[in-house]
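1. My questions are about this predicted structure, shown below with the sequence.
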Amino acid sequence: MGCSVEGVVAALRSAAEVVTAHRDELVELDRVIGDADHGENLKRGFTALVSKLDLSEPPATPSAALKLAATTLISTVGGAAGPLYGTALLRAATSVGDAAELDAAGVAAALRAALDGVVARGKAEPGDKTMVDALTPAVAAAEAAAASGSTVAEVLSAAADAADEGAASTVPLVARKGRASYLGERSANHLDPGSRSTALLLRSFAESAGGGDR
Amino acid sequence: MGCSVEGVVAALRSAAEVVTAHRDELVELDRVIGDADHGENLKRGFTALVSKLDLSEPPATPSAALKLAATTLISTVGGAAGPLYGTALLRAATSVGDAAELDAAGVAAALRAALDGVVARGKAEPGDKTMVDALTPAVAAAEAAAASGSTVAEVLSAAADAADEGAASTVPLVARKGRASYLGERSANHLDPGSRSTALLLRSFAESAGGGDR
Amino acid sequence: MKVGLVIVSHSARLAEGVAELAAQMAPDVIVLPAGGMATGGLGTDYEAVSNALDRAESGAGVVLLYDLGSARMTAELAVESLGDPSRAYVVDAPLVEGAVAAAVAAQGDATLDGVAEAAAGAAREA
Amino acid sequence: MKVGLVIVSHSARLAEGVAELAAQMAPDVIVLPAGGMATGGLGTDYEAVSNALDRAESGAGVVLLYDLGSARMTAELAVESLGDPSRAYVVDAPLVEGAVAAAVAAQGDATLDGVAEAAAGAAREA
Ligand SMILES: Nc1ncnc2c1ncn2[C@@H]1O[C@H](COP(=O)(O)OP(=O)(O)O)[C@@H](O)[C@H]1O
Ligand SMILES: Nc1ncnc2c1ncn2[C@@H]1O[C@H](COP(=O)(O)OP(=O)(O)O)[C@@H](O)[C@H]1O
Ligand SMILES: [Mg+2]
Ligand SMILES: [Mg+2]
Ligand SMILES: [Mg+2]
Ligand SMILES: [Mg+2]
């Protein structure tokens, strides 16, 4: 029930599909409290990633796949999500080390490393109305699931559920990081685009691992 | 011994010649503690003024001549000297009112108004290493000369002498206004370009009025 | 009817770049660049600033931001030559950060005072 | 050997404008723009920043200035990927004012620390 490099690559391809399908939604969310590019940014980045996966040698390890995703997003996203998700994936790649297969604990640890990377890069705290508000509960849920003997799919599914709730929790918040912070009080009553994309990405990973249903 | 509109126009034309002759010197001074354009800026502005004097109806009054110079410098100089000398000339124009001829007291009052304009516009104080350091003593000298019964030419000559000294006094100063202020301590030991051009302009006015010799 | 912005700079590209950056988060706000000299070099152009000031005014007033001190002086002269100089503020703010903050405030229908305050208070975040 | 500067911006024109303004008072300083995305739109380009960082380094180090937070993050990633990340500082400063102050300091042969401090302390004068 572990996750091999093929599983990681499949999850990344699935993420690309989901991001592309939700491009307009993410753009609209970002239009209200940002610069209307979050969906386009992620679509650009994940499309570039799929091209690389199609054209170059397949990555040899989960870590290599995550690293390829990281460097591609860093180079192509163009907005805050690039360095943030890029750093998250770099840290996740380091966390999984040279393992050929990720188990549930390994996935939870990689998610923790990803969150730490986002926080190190963006300096946001929970409640600042950013992707951190989706990723923080997702990591906690993943760790709890892994500790209670869940499969990788179940761990990711728990993370995705928690991320959905975390994203929803950003609605009433006033943004303190990112472009939305320029809006002050006017940023309240809107869903943060980055928290939404985090939830979408985790859901796509869960579905790719076979545990998509809630 | 007063100064008619023809005298004012002649003084402005003479200023244009002097500024053009000293273009390179002023550029070099500005290269050391600024952006190397003060001479070019003033040459551009006064050349445009001469064109206007050549091409349009001659101004009817000293005030009109000063106002034409003001608006032309404001529109064409492109650097700090444009709004500063422009405001000086606007205030001088207001000061002389509709007088057909300026007497010594009128010239001194116009210089005082010009200084007030430069200070209102640029907020520099004496000692900040700007044209204010040349103009301030020049006005005092002009007022003293006018009070003691000097001619217009003598008033301007006294002003020019004092401006020369005032300009020289900027050498040891550390700039607190204008671009040179970015240099901090490194601005010391250099002559301020604007104080030099102020001295040159007053000298050209004095010479044009027939009192150029010290 | 939103407050308009004018970006006064010594460089045409700088003014245009600030205007496009600020406009991105404020699609309904008029943000006009007034940069460089008519002759093409680096410097400020009083007529360009005056023209931009006119075109940025749609009834709610205009905020002008500037790069260096001589641009501030040119902006002030342009404002003083308005019929009603109280309808335009030259604001002392970091240019890029102030322009984005001001544009976002104007997009949110802030008043002239509100937009000016947003610019002047532009913190370094985002 | 002077400290170099890299101007990281979402807008190519903004970066170029800041670079030309800063270079005007610092003719011997390398001031490189890294603005906009490779595809032309508004955004930051990691490769462009990395390249500029390499080219701005002549042995005395490099100071990077940025417009908005996401440009800061891109700049930091570029610095972290250097052989010796301690040779480049990403400085939190108002972009235009900081760039001019940094360029003038670099022109005056300030050290890497000195240039970074000049940028960070850029007051609004001049
Ligand atoms: N400092 C930060 N820390 C964490 N997340 C951030 C930060 N800044 C922005 N974000 C996230 O990035 C999202 C916006 O991404 P995107 O639109 O791609 O970038 P940009 O704002 O540069 O256009 C926001 O909705 C928010 O979730
Ligand atoms: N705030 C100010 N108040 C008075 N004089 C100033 C001020 N700023 C600059 N100056 C004067 O302007 C001169 C520079 O003029 P110029 O080179 O034409 O402008 P810029 O600095 O915009 O290139 C300086 O030498 C100084 O005398
Ligand atoms: Mg965005
Ligand atoms: Mg963006
Ligand atoms: Mg100059
Ligand atoms: Mg200049």
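-> Sure thing, it's come through. Ligands and ions are numbered 1, 2, ... in the order given.

2. Name the SS class of C:V8, please.
-> Reducing the assignment to helix, strand or coil with DSSP: H, G, I helix; E, B strand; the rest coil, the entry for C:V8 is strand.

3. Could I get the pLDDT score of it?
-> The predicted local confidence for C:V8 comes out at a pLDDT of 98.

4. if I pick the residue of chain C found nearest ligand 4, what's in contact with it?
-> Ranked by CB to the ion, the top residue of chain C for proximity to ligand 4 is C:Q24, at 7.4 Å. (Each C-beta comes from the backbone N, C-alpha and C, glycine too.) With contacts taken as CB atoms under 8 Å, 6 or more residues apart in numbering or on different chains, C:Q24 has the following neighbours: A:35-36, D:10, D:42.

5. Farthest-apart pair in these, please.
-> Within these, two members stand farthest from each other by CB to CB: A:A36 and D:H10, at 13.2 Å.

6. okay, these two: which has more neighbours?
-> With other CB atoms under 10 Å in any protein chain shown as the criterion, A:A36 and D:H10 differ in neighbour count, and D:H10 comes out ahead with 28 against 18.

7. so who does that one touch?
-> With contacts defined as CB under 8 Å, 6+ apart, the neighbours of D:H10 are C:21, C:24, D:35-36, D:42-44, D:67-68, D:70-71.

8. By neighbour count, which of those wins?
-> Using other CB under 10 Å as the neighbour criterion, D:T44 leads the contacts of D:H10 with 32 neighbours.

9. quick one: the nearest residue in space to that one that is not next to it in sequence from A:G34, how far?
-> Nearest residue to D:T44 in three dimensions, chain neighbours excluded: D:T74, at 4.2 Å (CB to CB, 6 or more residues apart in numbering or on different chains). Spatial separation of D:T74 from A:G34 under the definition CB to CB, to the nearest Å is 17 Å.

10. So these two - more neighbours on which side?
-> Shown here are D:T74 and A:G34; by other CB under 10 Å, D:T74 has more neighbours (32 against 27).

11. Report whether the host helix or strand of that one contacts ligand 3.
-> Counting by DSSP states H and E, the element that carries D:T74 is helix D:69-80. No - contact of helix D:69-80 with ligand 3 (CB under 5 Å from the ion) is absent, the minimum separation being 7.9 Å.

12. tell me the average confidence for that helix?
-> 97.

13. Hmm, C:V8 and C:Y66 touching each other?
-> Yes - counting by CB atoms under 8 Å, C:Y66 touches C:V8, with 4.2 Å between them.

14. Quick check: neighbours shared by these two?
-> Where contact means CB under 8 Å, 6+ apart, the residues bridging C:Y66 and C:V8 through contact with each are C:72, C:74-75.

15. who touches the residue of chain A most remote from its centre in this structure?
-> Summary for chain A: using CA atoms, centre = their mean, the residue whose C-alpha lies farthest from the chain's mean C-alpha position is A:E185, with a distance of 26.6 Å. Taking CB under 8 Å, 6+ apart, we find A:E185 in contact with A:V174.

16. Name the SS class of it, please.
-> A:E185 is classified as helix under three-state DSSP.

17. how close does it sit to ligand 2?
-> Separation of A:E185 from ligand 2 (CB to the nearest ligand atom, to the nearest Å): 38 Å.

18. Identify the residue spatially nearest to residue 93, adjacent ones excluded.
-> Just so you know, I chose chain A. The shortest distance from A:A93 to any non-neighbouring residue, by CB to CB, 6+ apart, is to A:L66 (3.8 Å).

19. actually it's chain C I care about, not the one you picked
-> The shortest distance from C:A93 to any non-neighbouring residue, by CB to CB, 6+ apart, is to C:A119 (4.3 Å).

20. Give me the local confidence score for the one you found.
-> Predicted confidence (pLDDT) for C:A119: 96.

21. Tell me if I'm right that it and C:A99 touch.
-> Yes - because the distance of 7.2 Å satisfies CB under 8 Å, C:A119 is recorded as touching C:A99.

22. Relative to its centre, which residue of chain C is most distant?
-> Note on chain C: the largest separation between a C-alpha and the mean C-alpha position, by CA atoms, centre = their mean, falls on C:T39 (21.5 Å).

23. those strands in the chain, which residues are they?
-> Since you didn't name a chain, this refers to chain A. Per DSSP state E, chain A carries strands over the ranges A:3-4, A:101-102.

24. nope, chain C
-> For chain C, strands defined by DSSP E occupy the ranges C:4-9, C:31-35, C:62-66, C:88-90.

25. Packing partners of the shortest one?
-> Meaning strand C:88-90. Helices and strands in packing contact with strand C:88-90 are listed as strand C:62-66, helix C:69-80; criterion 3 or more CB pairs under 8 Å, 6 or more residues apart in numbering or on different chains; DSSP states H and E.

26. Strand partners (parallel or antiparallel) of that strand?
-> Sheet partners assigned to strand C:88-90 using DSSP bridges are listed as strand C:62-66 (parallel).

27. close to ligand 2, is the partner strand?
-> No - in this structure, strand C:62-66 remains apart from ligand 2 according to CB under 6 Å from any ligand atom; the gap is never smaller than 11.6 Å.

28. Stretch C:70-85 too?
-> Yes - residues of stretch C:70-85 are located near ligand 2 by CB under 6 Å from any ligand atom, namely C:S70.

29. list the buried ones in that stretch?
-> For stretch C:70-85, a neighbour-count test (16 or more other CB atoms under 10 Å in any protein chain shown) marks C:70-79 as buried.
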